[in-house]
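Peer 1: Generate a structure from the sequence data that follows.
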Amino acid sequence: MLNKRRVLTLLVPFIIFIIGAVLLATPLLKGSDPSKLDSALVGQAVPAFTLQDIYDENKQYDASIFKGQKMLLNVWATWCPTCYAEHTYLNKLAKQGLYIVGMNYKDDRKKAIRWLNDLNDPYQISLFDQNGMLGMDLGVYGAPETFLIDSKGIIQYRHVGDLNDKVWNNKLLAIYEGME
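Peer 2: Take a look at the predicted model:
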């Protein structure tokens, strides 16, 4: 017959395991998306910045470029294999008339220009964020990331990962169409 101490020795670790498993599984059971990283900037204006154009280091842009029409801000880099996979789809969206601003993130300017020349440039404006400061202000974890920005320059949504037909049609298109 088991004594009380022996029962507690077996029962306590089992209870701790069950509690831990429930805590870890709860987000998955609720249907949360582990690829979705909430942004503290959703609902806020794009942070103030001054960045060079990717092609012309004498040309500079600031946050005013995000006002006047709804758009996508796509964060990309030549060192990012997922960005390469996504690039064809961005060209498709641009041909459909979407206004897309590209932000080359922590990259080499010459490599980035060669990339855009070789793969076609889907961006109406191409920002060069060599040191990643705007990326840091936006809370960028890596590339690719895409922000949906309304005509007032307010960030409406942040998507981490590549854009593709499924992501665009099942998640982002409705948000984009609902923006002013």
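Peer 1: Run through who's touching stretch 148-155.
Peer 2: 39, 41-46, 63-64, 66-73, 147, 156-159, 172, 175-176, 179-180 (CB atoms under 8 Å, 6 or more residues apart in numbering). From N, CA and C alone the C-beta is placed, and that goes for glycine too.
Peer 1: Strands along this protein, start to end?
Peer 2: For the chain, strands defined by DSSP state E occupy the ranges 50-53, 60-62, 71-76, 100-105, 125-129, 145-149, 155-160.
Peer 1: would you list those strands in TSV and tack on distance to Arg6 and mean pLDDT?
Peer 2: Listed next are the strands of the chain as TSV, based on distance: least, CB to CB, whole Å; pLDDT from 0 to 100:
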stretch	distance to Arg6	mean pLDDT
strand 50-53	67	98
strand 60-62	70	98
strand 71-76	57	98
strand 100-105	58	98
strand 125-129	62	98
strand 145-149	54	97
strand 155-160	49	96
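Peer 1: Can you add mean neighbour count and give those strands back as TSV?
Peer 2: What follows is the strands of the chain, written out as TSV (neighbours: other CB atoms under 10 Å):
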stretch	mean neighbour count
strand 50-53	16
strand 60-62	14
strand 71-76	25
strand 100-105	25
strand 125-129	22
strand 145-149	24
strand 155-160	20
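Peer 1: Now those strands in a markdown table, please, with extra columns for distance to His87.
Peer 2: Output for these, formatted as a markdown table (distance: least, CB to CB, whole Å):
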| stretch | distance to His87 |
| --- | --- |
| strand 50-53 | 19 |
| strand 60-62 | 21 |
| strand 71-76 | 8 |
| strand 100-105 | 10 |
| strand 125-129 | 13 |
| strand 145-149 | 12 |
| strand 155-160 | 15 |
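Peer 1: quick one, which of the ones you listed is nearest to Ala94?
Peer 2: When the strands of the chain are compared by CB to CB, strand 100-105 sits nearest Ala94, at 5.6 Å.
Peer 1: check contacts around Leu138.
Peer 2: Counting by CB under 8 Å, 6+ apart, Leu138 touches 39, 41, 46-47, 75, 145, 147.
Peer 1: one more time with 6 Å
Peer 2: Listed by CB atoms under 6 Å, 6 or more residues apart in numbering, the contact set of Leu138 is empty.
Peer 1: Name the helix or strand of this protein that has the lowest mean pLDDT.
Peer 2: Lowest on mean pLDDT, DSSP states H and E among the helices and strands of the chain sits helix 4-29, with a mean of 68.
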